[in-house]
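Participant: quick one: sequence plus predicted model below, questions after.
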Amino acid sequence: MENKTGKYFKYAIGEIVLVVIGILIALSLNNWNEVRKERTVELETLKDLKSEIEQNILVFEKHLNKKRIGKKNIDTYVNLLIAGNTSVEDIIAFFDKGYAGATYNPSNGVLNSVINSGNINTLTNKELKYELTSWKDVLIDYQEEEILSLNYNFTHIDNFENNLKPKRDVRFSDTSKKEYDQMYINLSKTLSHRNHILEMQNFLVMIIEEGTSLLSKMKFINQLITLEIKDNFDD
């Protein structure tokens, strides 16, 4: 009886061990499958983010370049005003070229979806998560500068100049070309006009500085994403 009891006991222990091993294997397989699913989601998220930010970089580089061209046009015009050599052609050319008044509005559909859905938590790179979540704050700061500049241009520059500089229109024949030209020259000599132009120049300096920082941040985020895909997903 003692031998039989011992055998039954050993058999029961063996069965229990097998069951435990089976459970552990099942849990391991389940965990492995969950991890595999999370990694798949993470990879797709990274690819989508990379595609979106690379497109945003291309658009913003063109946008920022227009700001730099606008700044260059203003610098040239300011130098002419300072030298007192401003001609009618110089004034007209400046207004025709404009002063880079467009605003930048990137596509953030993927990023918004990743944040709102909680998929950003699937990203294992903590630095990348921080950069992505702080990206909007940097963007908002930049856009605020652009909006302030636009509002200033409209409120002070456009309205002021429109009251002083004539619209060249052949339908109005009561003003000669000589009179038109003199109006432009008078405009360029007003203190208000010169102050407005200098303020516009200052706005563009700040916008370009913040835009350069914004572009660097975008490129850094893209670099982090690229390295994350290369180091952790490429076979």
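Facilitator: Received, thanks.
Participant: if I look at Ala215, how far off is Phe203?
Facilitator: One correction, residue 215 is Leu, not Ala. From Leu215 over to Phe203 the distance is 18 Å, taken as C-beta to C-beta, to the nearest Å. Using the backbone N, CA and C atoms, a C-beta is placed for each residue, glycine as well.
Participant: okay, these two: which has more neighbours?
Facilitator: Neighbours of Leu215 and Phe203, each counted by other C-beta atoms under 10 Å, are more numerous for Phe203; the result is 22 against 17.
Participant: tell me the helix or strand right after whichever strand or helix holds Leu43.
Facilitator: In this assignment (DSSP states H and E), Leu43 forms part of helix 2-83. Sequence-wise, the next helix or strand downstream of helix 2-83 (DSSP H and E) is helix 88-97.
Participant: contacts for whichever helix or strand comes after that next one, please.
Facilitator: Using DSSP H and E, the next helix or strand after helix 88-97 towards the C-terminus is helix 109-117. By C-beta atoms under 8 Å, 6 or more residues apart in numbering, the residues outside helix 109-117 that reach it are Thr45, Asp48, Leu49, Ser51, Glu52, Asn119, Ile120, Leu132, Thr133, Trp135.
Participant: ok, the third one - contacts?
Facilitator: The neighbours of Leu49, taking C-beta under 8 Å, 6+ apart as the test, are Val110, Leu111, Val114, Leu132, Ile225.
Participant: give me the buried subset of the residues you listed.
Facilitator: Burial by neighbour count, 16 or more other C-beta atoms under 10 Å: within those this picks out Val110, Leu111, Val114, Leu132, Ile225.
Participant: distance of the first one relative to Ser51?
Facilitator: Yep, that's Val110 we're talking about. Counting by C-beta to C-beta - Val110 and Ser51 are separated by 8 Å.
Participant: could you do the second one as well?
Facilitator: Applying C-beta to C-beta, the value for Leu111 to Ser51 is 11 Å.
Participant: and what of Leu204?
Facilitator: In terms of C-beta to C-beta, Leu204 sits 31 Å off from Ser51.
Participant: more crowded one of those two?
Facilitator: Legend: neighbour count by other C-beta under 10 Å for Leu204 and Ser51, higher for Leu204 (24 against 12).
Participant: lowest-confidence helix or strand of this structure?
Facilitator: helix 159-164 (a mean of 67; mean pLDDT, DSSP states H and E).
Participant: gap between the helix or strand just after that helix and the chain center?
Facilitator: Going down the chain from helix 159-164, the next helix or strand is helix 177-188, by DSSP H and E. Taking C-alpha atoms, centre = their mean, to the nearest Å, one finds helix 177-188 lying 41 Å from the centre of the chain it belongs to.
Participant: so what would you say the end-to-end distance of stretch 183-192 is?
Facilitator: Stretch 183-192 has an end-to-end distance of 15 Å (criterion: C-alpha to C-alpha, to the nearest Å).
Participant: tell me the average confidence for that stretch?
Facilitator: Stretch 183-192 carries an average pLDDT of 83.
Participant: return the set of buried residues in that stretch.
Facilitator: Those would be Met183, Tyr184, Leu187, Ser188, for stretch 183-192 by 16+ other C-beta under 10 Å.
Participant: name the spans of the chain whose pLDDT lies under the cut-off.
Facilitator: Counting by pLDDT under 70, the ranges of the chain that qualify are 1-12, 14-20, 22-36, 38, 98-100, 158-175, 234-235.
Participant: could you measure from the closest residue to Ile120 other than its chain neighbours over to Phe60?
Facilitator: What sits nearest to Ile120 in space, not counting adjacent residues and going by C-beta to C-beta, 6 or more residues apart in numbering, is Val114, at 5.0 Å. From Val114 across to Phe60, the span is 20 Å (C-beta to C-beta).
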